[in-house]
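Participant: Below: sequence and its predicted model.
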Amino acid sequence: MRALVWHGKEDIRCDEVDDPEIEHPRDAIIRVTSCAICGSDLHLFHNLIPAMKPGDIMGHETMGEVVEVGSGMNGRLKKGDRIVVPFTIFCGDCDQCKRSNFSVCERSNRNKELADKVFGHSPAGLFGYTHLTGGYPGGQAEYLRVPFADTTHIKVPEGISDEKVLFLSDIFPTGWQAAVQCDIQPTDTVAIWGCGPVGQMAIRSAVLLGAKQVVAIDCVSERLSMAEAGGAITIDFKQESVIDLLQELTKGKGPDKCIDSVGMESHVSLSQPDTLYDRAKQMMLLESDRPHVLREMIYVCRPAGIISIPGVYSGLVDKMPIGMAMNKGLTFRMGQTHVNRWTDDLLRRIEEGQIDPSFVITHTVGLEDGPEMYKVFRDKQDSCIKVVLKP
């Protein structure tokens, strides 16, 4: 089969690789009908997250048709079923899964010993996302093996398009969880840094959850326009002062809730000296992540507010104002998404017409065009916000 394969920094190729096979009774094989490039994939593209190996298959936003099932499926999946595959692989039986903490499943990371050494305790296995999270082949391919497939799936109702449900695999529940973690109240101002795909979903989630006002911060005009269309007040941080405008919009109190949809690769700007510091330390391997957004959120957030972090961080950050956060009494909530905790509700909202997540798609191409689209997506060329691949 064909798949997008990691060969090193900024080197993704469309290669011929072996077809996946059933390895365990709870496995299923799907024929991929749609997959997508995620902002998190760019961290791998830039080789900023450790434990990638040449030959690894990329991708964790995938859906398709079941073509083969293991003997232990017990009728929960059958050939011909259409499913979305959540990026978090979970067993459904361990203590964390019973608590619906699916992204920290205790059994699905097949490299648990390695992950325990790095993280202290292992998170769940993830598709296409380094050997620290299991080294599982990803879904930017013609076929995908789904481990624990009897639990790790979302069935697609008849008559609904791939484009409407594909993002249940990651960015829609990720944006939703980011907003839910904020415990949004009707009087709240919610500020969201980053208007990429996750940020767009967080904006609409905050609106659906009843925030008084949502403020979106970015510097790309197409993203800001999309955020405004979703109900947000926008700030272009290259042209305007984020701190001054948030003060003005909140009558000097600061936003009640802040969401970091940027993560470890925040923008580097001459007007923001700490971003230059972070980039220099990152280049010298003295710091792995660029946390400008986190610092700014801690500074502007209203005392006793909540900071929600769906953006990916890989390792170490420097010059974090922990004293500021402690003295202001801020609450931090973060983590990989417990996808299936949210998907029944989100699928219902899609079916009822409350939201159509396909609004974020700007480019649809064949799998063979994937390597070039990584660069287009990274460089935000051609007004690119979200890429869907059709194997």
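Facilitator: That came in fine, so what should we check first? Residues are numbered from 1 along each chain as shown.

Participant: Identify the residues contacting the helix or strand containing D344?
Facilitator: Under the criterion of DSSP states H and E, D344 resides in helix 339-351. Applying CB atoms under 8 Å, 6 or more residues apart in numbering, the contact partners of helix 339-351 are 84, 86-88, 90, 100, 102-103, 151-152, 154, 157, 160, 164-165, 168-170, 172-174, 176-177, 180, 208, 355-357. Where C-beta positions appear, they are placed from N, C-alpha and C, glycine not excepted.

Participant: Just the buried ones from the residues you listed, in ChimeraX syntax?
Facilitator: Buried residues among the contacts of helix 339-351 (16 or more other CB atoms under 10 Å), as a ChimeraX selection:
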select :84,86,87,88,90,102,103,151,152,154,164,165,168,169,170,172,173,174,176,177,180,208,355,357
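
Participant: quick one: which of the contacts of helix 339-351 sit in strands?
Facilitator: Mapping the contacts of helix 339-351 onto strands (DSSP state E) picks out V84, T88, I154.

Participant: residue boundaries of the helices in the stretch 101-250 of the chain?
Facilitator: Applying DSSP state H, counting those that start in this stretch to the stretch 101-250 of the chain gives helices spanning 112-119, 162-165, 171-180, 197-208, 221-229, 242-249.

Participant: If you count contacts, what does the worst-scoring helix or strand of the chain on mean pLDDT end up packed against?
Facilitator: Lowest on mean pLDDT, DSSP states H and E among the helices and strands of the chain sits helix 273-283, with a mean of 90. Helix 273-283 sits against helix 292-300, with contacts defined as 3 or more CB pairs under 8 Å, 6 or more residues apart in numbering; DSSP states H and E.

Participant: how far off helix 273-283 does the helix it packs on point, in degrees?
Facilitator: Put simply, helix 292-300 runs at 150 degrees to helix 273-283, going by axes from the mean of the first three to the mean of the last three CA atoms, to 10 degrees.

Participant: CA atoms of stretch 126-143 as CSV?
Facilitator: Provided in CSV are the C-alpha atoms of stretch 126-143 (Å, rounded to 0.1, in the frame of the first residue of the first chain):
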residue,chain,number,x,y,z
LEU,A,126,-1.3,7.1,19.9
PHE,A,127,-1.4,6.5,16.1
GLY,A,128,1.5,7.8,14.1
TYR,A,129,3.1,9.7,17.0
THR,A,130,6.6,8.5,18.0
HIS,A,131,7.7,5.5,19.8
LEU,A,132,7.2,7.2,23.1
THR,A,133,3.5,6.6,22.5
GLY,A,134,3.8,3.1,21.1
GLY,A,135,5.3,3.5,17.7
TYR,A,136,2.0,2.6,16.0
PRO,A,137,1.8,3.2,12.2
GLY,A,138,-0.4,6.2,11.4
GLY,A,139,-3.4,6.6,9.2
GLN,A,140,-2.0,8.7,6.3
ALA,A,141,-2.1,5.5,4.3
GLU,A,142,-4.4,3.4,2.2
TYR,A,143,-5.0,0.9,5.1
